[in-house]
Structure formats: structure tokens, C-alpha cells
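S.K.: Predicted coordinates and the sequence they were generated for:
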Amino acid sequence: MLILMLGVAMTTLIVGCNTVKGVGEDVESGGKAISHTAEKVSDKM
């Protein structure tokens with residue numbers, strides 16, 4: 001029973017890490033888009 005509980009806990013942690021990594025990548029992509037837009041506006045000024 002203890003091994004089963006540890007297995008479930010480890011699986012939950014691994015899935016959680018992948019989810020956080022995905023969110024980090026999305027935020028990074030958004031930041032790059034904002035930076036690119038700011039550079040385009042700055043060049044036009």
C-alpha cells in the first residue's frame with residue numbers, strides 16, 4: 001500500500017512539473033511577442 005501511495009505521489013509531482021514548465025514556456029513566448037512589438041514601434045518612432 002505504501003509503495004502504491006509513493007507511486008501516485010511521484011506521478012503527481014512529475015505531471016505538476018510538466019504543467020509548470022508548459023506555463024513557463026507560454027509566458028516566455030508572450031514576453032518575446034511583446035518585446036518584438038515594442039521594437040517595431042520603437043523603430044517607427
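M.R.: The structure has been received and is ready for your questions.

S.K.: quick one: pLDDT of N18?
M.R.: You'll see N18 listed with a pLDDT of 68.

S.K.: So, low pLDDT: which residues of the chain?
M.R.: Applying pLDDT under 70 to the chain flags residues 17-18, 20.

S.K.: mind running it again at 80?
M.R.: For the chain, the stretches flagged by pLDDT under 80 are 12-23.

S.K.: can you pull out the helices in it?
M.R.: Ranges of helices within the chain are 2-44, based on DSSP state H.

S.K.: Please work out how many residues are found near E25.
M.R.: Look at E25: counted by other C-beta atoms under 10 Å, it has 10 neighbours. Yep, even glycine has a C-beta here, placed from its N, CA and C like the rest.

S.K.: repeat for the one 4 residues further on
M.R.: Using other C-beta under 10 Å, S29 is surrounded by 10 other residues.

S.K.: What's the separation between it and V15?
M.R.: Going from S29 to V15 by C-beta to C-beta, to the nearest Å gives 21 Å.

S.K.: for L2, same thing?
M.R.: L2 is 21 Å from V15, by C-beta to C-beta.

S.K.: now I3
M.R.: Counting by C-beta to C-beta, the gap from I3 to V15 is 19 Å.

S.K.: So which of those two has more stuff around it?
M.R.: The neighbour comparison of I3 against V15 (other C-beta under 10 Å) goes to V15, with 10 against 7.
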